[in-house]
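Visitor: Give me coordinates for this.
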Amino acid sequence: WSRFCPIGRYSTNQMAALGMSQELLETDRDTLDKYIRDLSSRVDDITGQVYEIINKNYQQFVHTFNFTVDLDADVEALGKELNSLTARVKEGRLQKLVTSVTEQRALAAQLTTTRSTIVVLRELCAIHTKLDGFDTMLAQGSWEQCAETILQLTHHLHGLCPEDENQKACDPKMFTVVKAEVRRRRAQLKSLLNEHWRAAVAWQRVEGASRVQSGLHVTSPLEGRGGAGSDVAVDEVLRALHLLGEADGRLQHFGQQLHRLLLLPLLEDAHLAPLCRESGRTVSLVLAAATPSDKRAATTTSASASASGSGGTVRVLLERIHTVLAFCMQHVLGLPRQQELQQDQQQQQQQLPPLARVLGDHVWQPLCESIISLCLAKTLGGMEPASAAHSALQDATAHFAAQAAGWGWSAAVLTDYVASVRTHASNKRRQDILAEARELMLSDTFNTIEVCHDTEQGGLYPAGTGEPSDSDRDLLQSIYKLPTFHVSVAAHAVVQLAYNTMQKTASSPPHVAVQLFYAVRDVMDMYRAVVPATHRESFASVPQLAAIFHNDCFYIAHHLLSLGHQFRENFPEDLQFAASFVDMIPAFQELGEKYFADVLSEERAGLIATLRQAEGLGCESLDVCFPSVDRALKQVLHRIKLLAKVWKPIMSNSMFNRTQGSVINTIMAFFFGKIMQYEDIAEKDTHHLHRVLGSISDLMPLFFDASVDKDTFVPMWKKFQQLREVLEMPLLVVADTWQKGEFALSAEEVRHLLRALFSNSSQRADCIAKIK
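Guide: As a prediction, this is how the structure comes out:
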């Protein structure tokens, strides 16, 4: 036992620990038993709840289950009955049903085909009947009935459609033959109608020694091919052509000839009058010299219409035009006389044939335009709206419009034009002003005239307005005062035209004053458009012309500054504050600057290109390459002197100084940059460079007065001069000059020149160190 329970082997402490372990084990066993009892109790509670729910819902579950089983049985029985019915149908009844449906469809298709065949036979029967009667009508000269028959045959042919599924049973060749026959008859009728039209309507134009004589000859009725009783009137031929859709082309050509040979000569030559003659079946309308009776009638009408005779002359002219049109309506279109139409004008207009409308489409619009341009525009020129002459002109135009309305033509454009005499007078006045200005702008002469503030009436303080006050004296001496320079004679004339036009506003009605104001604005807009477009190449190739155009633009802009202000009291109140040209000033200034700046840039680029071609400044020793530099420099200086020679007489002093200073500054900047690129300059080369720079500096007194600040116009002047001095200046003098602050060159530029001009030494290093 001692071997299995070796108690004696453990110490007292070990035994105490074993006792505590047994106590903890007994405690855990009690706790575990308690948890097991609690869990068993909860399981019993849940089991009771489950049994209780099953007992409550069992009856409903059983009922649902039984209903489902019964329903499955019923569905199975119904399926068996359907299967049985299907089997019986498949045994014989379905086959009979399919056969019946097929037979019904075949009968329906056969019925449709039979009906389509009947329709085709009916159409062919109708076509055959009309074709049989066509030859008879053609022999009798019934052209209009023949044309209607062709239209009916065409309608019947539309019912014959070989592509139709129902008509495919018919022979397609039969359709082709029928259509070819109808086309042949249509072509035959069209040929006969065109032949009769050419025989019925003939135009005459004979060029005589003094004037061209023209006329219209209409032969109606024409002899038909069927002998007596088959004569055909020309209007019937025209109606038949209209039914065939060929009248529009014929009437278009007829209208063009009518306008060219009869109507235009009447409008251009007031001594011509229409004369109607008859000879057998031919009726002629020719233009001949007006007879003395016609002249006396015109004179009587003119005297009774107005003192000037304008309204009466237009009335006679419109009556002659109406005579020509009435002749065409009566003898060509077959319309009744004008008196018969006027009996019931509204009803007759509804019954007018479409031929009158077709002829009006080709004749009326060009005729109205010719009447306006050749007659009314000249007559209305300078006519007062409330004068007797204008009233007579309105009456004559209204009478002519009423006559044209009888043919369904609207002459509202003529009556409205005559009623707007005030607008036409303003437009004519405006066109005259623009025409005069355009003639000045297109002039190829560029003669100039000197202008200055004392000779002009524009600007902020025009000459002759008295001495300004002390507060305004500074403003008078500012840029608003016109300097002395030259402008082209054309620009000066355009400005004078603008002033003359604006001066007319003082004695003009308000509406005329407004038109004159806008006419002047149009002149200025036209100048900006016409002059650059016309002389663009001249401005680009001739510097003097570019400078003149620059002066012209600034001269016009100077006058636009106060042009509207000087005459604003002559305008209506609502326009007095808006009557200004100030908004156009920037456009003129930009236009002049653009063209002159382009020329100036091109000149500067050309000078630089000449210097670059010399290639002397790129040599290591200027002593070898200096001759080429000298030649290039002489060319550049000659070009600069030439520009100064052509610019100085025409430019203002300030403009010339800025322009010439810009050119010289470009040359100085080029040489300055080239010299600053050298890393080492020999002593002999410095003398050459000093002489080159001196030849450029010697130009300054030639272009600028002693009182002119050269730094303002030539920014490189001081640097250029100091560079020239440094080339001949001793090292210590350079350092002393820098210490005194007399250098315009930067510290970096001076240090670079010292390294290039003087050899490396302690003295050079000390001087460079002082330049900061």
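Visitor: which SS class is the residue positioned nearest the centre of the chain?
Guide: Compute the mean C-alpha point of the chain, and by Cα atoms, centre = their mean the closest residue is Ala529, 17.3 Å away. Three-state assignment for Ala529 (DSSP: H, G, I helix; E, B strand; the rest coil): helix.
Visitor: From Glu683, how far out is it?
Guide: Ala529 is 62 Å from Glu683, where distance means Cβ to Cβ, to the nearest Å. All C-beta atoms are positioned from the backbone trio N, CA, C, and that covers glycine.
Visitor: what do you get for Ala706?
Guide: Note on Ala706: its distance to Glu683, by Cβ to Cβ, is 34 Å.
Visitor: So for these two, which sits in the more crowded spot?
Guide: Using other Cβ atoms under 10 Å as the criterion, Ala706 and Glu683 rank with Glu683 on top: 10 against 6.
Visitor: do you know how far that one is from His690?
Guide: 11 Å.
Visitor: go on, His535?
Guide: In terms of Cβ to Cβ, His535 sits 45 Å off from His690.
Visitor: and if you look at Val182?
Guide: 107 Å.
Visitor: quick one, which of the two is more surrounded?
Guide: When Val182 and His690 are compared for neighbours, Val182 comes out ahead with 20 against 15, by other Cβ under 10 Å.
Visitor: what's the nearest residue to the more buried one if we skip its chain neighbours?
Guide: Computed as Cβ to Cβ, 6 or more residues apart in numbering, the closest residue to Val182 that is not its neighbour in sequence is Leu153, at 4.8 Å.
Visitor: Report the secondary structure element holding that neighbour.
Guide: In this assignment (DSSP states H and E), Leu153 forms part of helix 143-158.
Visitor: other SSEs contacting the helix or strand just after that helix?
Guide: The helix or strand immediately downstream of helix 143-158 is helix 172-200, counting by DSSP H and E. Using 3 or more Cβ pairs under 8 Å, 6 or more residues apart in numbering; DSSP states H and E, the elements in contact with helix 172-200 are helix 94-140, helix 143-158, strand 212-219, helix 234-243.
Visitor: C-terminal to helix 172-200, what's the next element?
Guide: strand 201-207.
Visitor: buried stuff in that next one?
Guide: By 16 or more other Cβ atoms under 10 Å, the buried positions in strand 201-207 come out as Val201.
Visitor: Give me the average confidence score over it.
Guide: Strand 201-207 carries an average pLDDT of 81.
Visitor: what's around Asp698, how many residues?
Guide: Counted by other Cβ under 10 Å, the residues lying close to Asp698 total 10.
Visitor: any idea how far Asp444 is from it?
Guide: For Asp698, the distance to Asp444 - Cβ to Cβ - is 39 Å.
Visitor: got it, and Leu333?
Guide: 56 Å.
Visitor: Make sure Tyr449 is indeed in a helix.
Guide: Just so we're on the same page, residue 449 is Ile rather than Tyr. No: checked against three-state DSSP, Ile449 lies outside a helix; its state is strand.
Visitor: Do a quick rundown of the strands in the stretch 251-400 of the chain.
Guide: Under the criterion DSSP state E, counting those that start in this stretch, strands of the stretch 251-400 of the chain are mapped to 272-279, 282-289.
Visitor: mind checking which of the ones you listed is nearest Pro510?
Guide: Among these, the nearest to Pro510 by Cβ to Cβ is strand 272-279 (43.1 Å).
Visitor: Who are the contact partners of Pro715?
Guide: Applying Cβ atoms under 8 Å, 6 or more residues apart in numbering, we find Pro715 in contact with Asn665.
Visitor: Tell me the buried residues in stretch 267-285?
Guide: Buried residues in stretch 267-285, counting neighbours by 16+ other Cβ under 10 Å, are found at 267, 272-275, 283-285.
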